[in-house]
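Asker: sequence below, structure please.
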Amino acid sequence: MIKFLLGGLCGVLAIVFMVQNTETIEIAFLAWTVTTSRALIMIIMLAIGIVIGGIGTTALTRRRRR
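Answerer: This next block holds a predicted model:
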């Protein structure tokens, strides 16, 4: 239960941070350049972090079961 509450609190804080940072920025990676809002980039980075964390947790759980 406490993990759920802490996760929810972190999510709310992330959303507040993103709402306050809505400026348009330019992202350059190798040959690509994208112009988008800073909030959208933050949401994408948060989602990528959640996915990577989930993959790591799943890998550790499977390794411990063996």
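
Asker: let's verify the closest residue in space to Val34 that isn't next to it in sequence: helix, strand, or coil?
Answerer: Nearest residue to Val34 in three dimensions, chain neighbours excluded: Ile27, at 4.8 Å (C-beta to C-beta, 6 or more residues apart in numbering). All C-beta atoms are positioned from the backbone trio N, CA, C, and that covers glycine. At Ile27 the chain is in strand, as set by DSSP: H, G, I helix; E, B strand; the rest coil.

Asker: pull the number of nearby residues for Ile27.
Answerer: Neighbours of Ile27 under the rule other C-beta atoms under 10 Å: 12.

Asker: ok, it - contacts?
Answerer: Thr33, Val34, Thr35, Thr36, Ile41 (C-beta atoms under 8 Å, 6 or more residues apart in numbering).

Asker: would you mark the buried spots in the top helix by length along the chain?
Answerer: Scanning the chain for the helix with the most residues, using DSSP state H, yields helix 38-65. Across helix 38-65, burial judged by 16 or more other C-beta atoms under 10 Å covers Arg38, Ala39, Met42, Leu46.
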